[in-house]
Each structure stands twice: as structure tokens, then as C-alpha cells.
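Q: missing the sequence, but the structure's below:
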């Protein structure tokens, strides 16, 4: 079975790789189509990544004003997705699986062409609020939910998301719920630190407004100063927004000394070193569907503080794996942080429970088989000699 996987910006590269590797282990021929890899993205040649997207945009990124960059990238996307669809016409895949539609209004024509003329088209809806309701441009917002109807089938990670998609008019039988697997970042036991070492709370990932860093800063301001001396908040990730106002607010609240800003892109290879510094993982998000960072941190066996949004309350249990707090509630967040700062035994108990939870998440082997079942159902429904030939190759 020949699978063309599309993630133009490689927005969920760790997920893409985990799924494509698992599919390949099941006998599929998988090619991931995205942008060119960056210096810190350590990917094996065996991962089958091709880079038909954003050759010019990647070269000028950081060298031109943001508006010009997004204009160039938008125009380039239209050319690149069209070229890729034409390539598929020459060498038809069995299935085209989009992980993201980067510019839905532009992608619409390509998706229609692919599914009507070439192969079944599938979209994994990682977020039912596309781009976490914070697109980088207005063009990205256009058609961001209406394009769901253009695909033969949708995959999402939870029943809650499936219900939301149904509310948008998508028939339930066109939606499959396949869980998000644990992402392997080579977890190992962290070195034991002296009792006097501060408790480190890690907020990791691209820095965007929906992730609630401002809420954590406000929460820190509510914690008594004598207790704050035992706390360090480590914020690690590539800024996708201005952070100067956040830093100014931290200074105004007197908590700037408790925050370490490590503002950079972190490669998969460096992620483990960052995660091993954490005593607590924090997700004070305003909104989310499923979090790849959450699925990466579970193997480290540390307590988790998260907002009661998206998958967090579905995967985590309050008082078992950590604390689940109402979204946008700095007081509740401060109470959760205080409870864990003052009780090492509680942190250890929650951490043990997180380790147990990680072992119960479906493996990528299971996820790949569930995904292949969707592929096979669509291929059989579509028929066609080329697609039947792909199935014969799989079962040979």
C-alpha cells in the first residue's frame, strides 16, 4: 500500500514520524511530504521525507518582514500543492493522508482533484479549532472547517472531537477515532538533585497565546514569596508571539527571578535533556484538542498540572496524575502549584501514576493497524485496479 502523507510545514513532525514508521513496519510504503528539514531536525534517511513545500520561504524566513514572508509562503503553497497533485497523477498513491491543511482555501481544489481522480483523501483533525483558533494569517482561517467536508474520511483522537465534527455537519460514519500514541523522546531516569534544589515546573513547546504562559506568571504572583524561593519555572520553546510583555509582567509581579526563558527551537534529540530537568509538567492552556507535548512527557513519570480542556481531563485524572484546574483561572493554578511544591511525597505518587498511565496508552503498532483499517475500507469502497494492486502488495 503506497501512502502519501502530507504535512506541509511539518507542524506535527514527531507524530508524523511515529505514525509513518509504524505503518512502514506493517508493510506500507510511506512518503512524508513537507518542507525541507532544518538543521536541528535529526531524521533518518529511512523516514522517507520529501520536501516539495516552501523552498523559497524557508530561505527567506527571518530575513524579510512577517507580512511579506506570509504572502510569499501563501503563494508558494498554492504552486507547491498543485505540483504535488500533478506528481500523484504520474505515480498514484493508494491513499493521500493529510495531517494538516496549511491553507484550506487553497488546498480545496487539490483535495477535490485527488479524491475524485486519484485516491481516497483523508485528513487527521488534530485540532477541532483549526490552528488552535490562532492562525498566522486571515487566509489560513478561510475554509479551515468547511474543508473537512471535502475529504473522504476524517481521523480524530477523541470521541469529544468526533462529536464536535458531527456538529459541523460531518456524518459520524465518515469519522474514525484513533488515539494519539506516546511520543518517544528517549526518557531516562533523571539525576537525583539535592533537597535544596528548586522544584522545576516545565512549560514546553512553541510559545503561543493559547498555551497560557501569562496565566502561569499570574499564578506565580499569587504564591507567597517564601514558597516561591523553592520554585523555578522553565519556559522552553520557539516564540511564535512577542514575549516582552510577558517578561515585563513577570518583573512587575516580582517573579522574574523565578522564571528561566529558553527561547529556541528544540530538536527531538535535545528534548530529553530538557524534559529530564522537570519535576512538574505544566499545561495551563486556554484550549487544545490533543497535545503532542503531553504524549511526549508521560514516559518521564512526573506529575502534571493541566487545564480542564481538550484531551487533558480525558487522559489525566485530577488527584491521581496531578491536578486538573479550570482554564484561565490563575488562583486555581496557584493552588495546584502550591500543593505540589509543598509535598514531595505527593509529587512522587502522582509521578508513579503517570508512569503507569503511559504504559496503558495504545502502542504505535496498534495505532498503525487501526489507521490501515481505515485505508483499506476506503480503498475497497473506491475500487479500481491500481488500488487493488496496492492491497495485493500489502498482503503478499
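A: Thanks, I have it. Keep in mind that this is a model prediction, so the values were computed, not measured.
Q: can you tell me how far the residue nearest to residue 7 when sequence neighbours are not counted sits from residue 65?
A: Leaving out its chain neighbours, the residue that sits closest to residue 7 by Cβ to Cβ, 6 or more residues apart in numbering is residue 99, at 4.0 Å. No exception for glycine: its C-beta is placed from N, CA and C like everyone else's. As for residue 99, its distance to residue 65 is 29 Å (criterion: Cβ to Cβ, to the nearest Å).
Q: Have a look at these two and say which one is more surrounded.
A: Neighbour count, other Cβ atoms under 10 Å: between residue 99 and residue 65, residue 99 has more, with 27 against 8.
Q: can you confirm residue 19 is in a helix?
A: Yes - using DSSP: H, G, I helix; E, B strand; the rest coil, the assignment for residue 19 is a helix.
Q: Can you give me every residue that contacts the residue nearest the centre of the chain?
A: Residue closest to the average C-alpha location in the chain (Cα atoms, centre = their mean): residue 292, at 4.0 Å. Residue 292 is in contact with 12, 14-15, 180, 183, counting by Cβ atoms under 8 Å, 6 or more residues apart in numbering.
Q: By neighbours, which of the residues you listed wins?
A: Within the contacts of residue 292, most neighbours by other Cβ under 10 Å means residue 180, with 25 neighbours.
Q: Could you measure from it over to residue 62?
A: Note on residue 180: its distance to residue 62, by Cβ to Cβ, is 31 Å.
Q: Also residue 149?
A: Counting by Cβ to Cβ - residue 149 and residue 62 are separated by 37 Å.
Q: between those two, which one's more packed in?
A: Each of residue 149 and residue 62 has its neighbours counted (other Cβ under 10 Å); residue 149 has more, 13 against 8.
Q: Help me confirm that the more buried one comes into contact with residue 171.
A: No - counting by Cβ atoms under 8 Å, residue 149 stays clear of residue 171, with 9.8 Å between them.
Q: Which residue ranges make up each domain of the protein?
A: Under the assignment automatic domain parsing, the domains of the chain span 2-181+363-395, 199-360.
Q: tell me the mean pLDDT over the shortest one?
A: Per-residue pLDDT values across domain 199-360 average out to 95.
Q: Next, the distance between the ends of that domain.
A: Using Cα to Cα, to the nearest Å, the end-to-end distance of domain 199-360 comes to 28 Å.
Q: Now do it: distance to the chain's middle.
A: Put simply, domain 199-360 sits 16 Å off its chain's centre (Cα atoms, centre = their mean, to the nearest Å).
Q: Residues touching stretch 22-36, excluding its own?
A: 1-10, 13, 16-17, 20, 47-55, 57-58, 84, 93, 181, 364-365, 367-369, 371-372, 393-394.
Q: Longest helix in this protein, please.
A: helix 66-90 (DSSP state H).
Q: And for that one, what's in contact with it?
A: 4, 6, 8, 33, 52-57, 60-61, 64, 96, 102-103, 106-107, 110, 113-114, 117-119, 136-137, 139.
Q: Filter those down to the buried ones.
A: Among those, those buried by neighbour count (16 or more other Cβ atoms under 10 Å) are 4, 6, 8, 33, 52-54, 57, 96, 102-103, 106-107, 110, 113-114, 118-119, 136, 139.
Q: when you check the residues you listed against the helices, which ones overlap?
A: Those of these lying in helices (DSSP H): 57, 106-107, 110, 113-114, 139.
Q: how about those residues in JSON lines, adding distance to residue 259 and pLDDT?
A: Below are those laid out as JSON lines (distance: Cβ to Cβ, whole Å; pLDDT from 0 to 100):
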{"residue": "57", "distance to residue 259": "32", "pLDDT": "93"}
{"residue": "106", "distance to residue 259": "39", "pLDDT": "90"}
{"residue": "107", "distance to residue 259": "39", "pLDDT": "94"}
{"residue": "110", "distance to residue 259": "44", "pLDDT": "94"}
{"residue": "113", "distance to residue 259": "49", "pLDDT": "94"}
{"residue": "114", "distance to residue 259": "46", "pLDDT": "95"}
{"residue": "139", "distance to residue 259": "35", "pLDDT": "67"}
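Q: Out of the residues you listed, which is nearest to residue 204?
A: Ranked by distance to residue 204 (Cβ to Cβ), those are led by residue 57 at 25.8 Å.
Q: what's the spacing between that closest one and residue 66?
A: 12 Å.
Q: Tell me if residue 261 really is in a helix.
A: No - counting by three-state DSSP, one finds residue 261 to be strand, located in no helix.
Q: and the gap between it and residue 203?
A: Computed as Cβ to Cβ, the residue 261 to residue 203 distance reads 10 Å.
Q: More neighbours: those two, which one.
A: Between residue 261 and residue 203, counting by other Cβ under 10 Å, residue 203 is the more crowded of the two (24 against 18).
Q: Please, which helix or strand holds the more buried one?
A: Secondary structure assignment for residue 203, by DSSP states H and E: strand 199-204.
Q: That strand pairs with which strands, and in what direction?
A: Using DSSP bridges, the strands paired with strand 199-204 are strand 231-237 (parallel), strand 280-283 (parallel).
Q: Of the contacts of stretch 22-36, keep whichever come out buried.
A: Applying 16+ other Cβ under 10 Å to the contacts of stretch 22-36, the neighbour count classes 1-10, 13, 16-17, 20, 47-49, 51-54, 57-58, 84, 93, 181, 364, 367-368, 371-372, 394 as buried.
Q: Quick one: classify the closest residue in space to residue 48 that isn't next to it in sequence as helix, strand or coil.
A: Take residue 48 and drop its neighbours on the chain: the residue closest to it by Cβ to Cβ, 6+ apart is residue 31, 4.9 Å away. Following three-state DSSP, residue 31 is assigned to strand.
Q: Could you count how many residues lie near residue 31?
A: Neighbour tally, residue 31, other Cβ under 10 Å: 16.
Q: again with residue 361
A: Residues within reach of residue 361, counting by other Cβ under 10 Å, total 17.
Q: cool, and residue 325?
A: Quick note: residue 325 (other Cβ under 10 Å) scores 26 neighbours.
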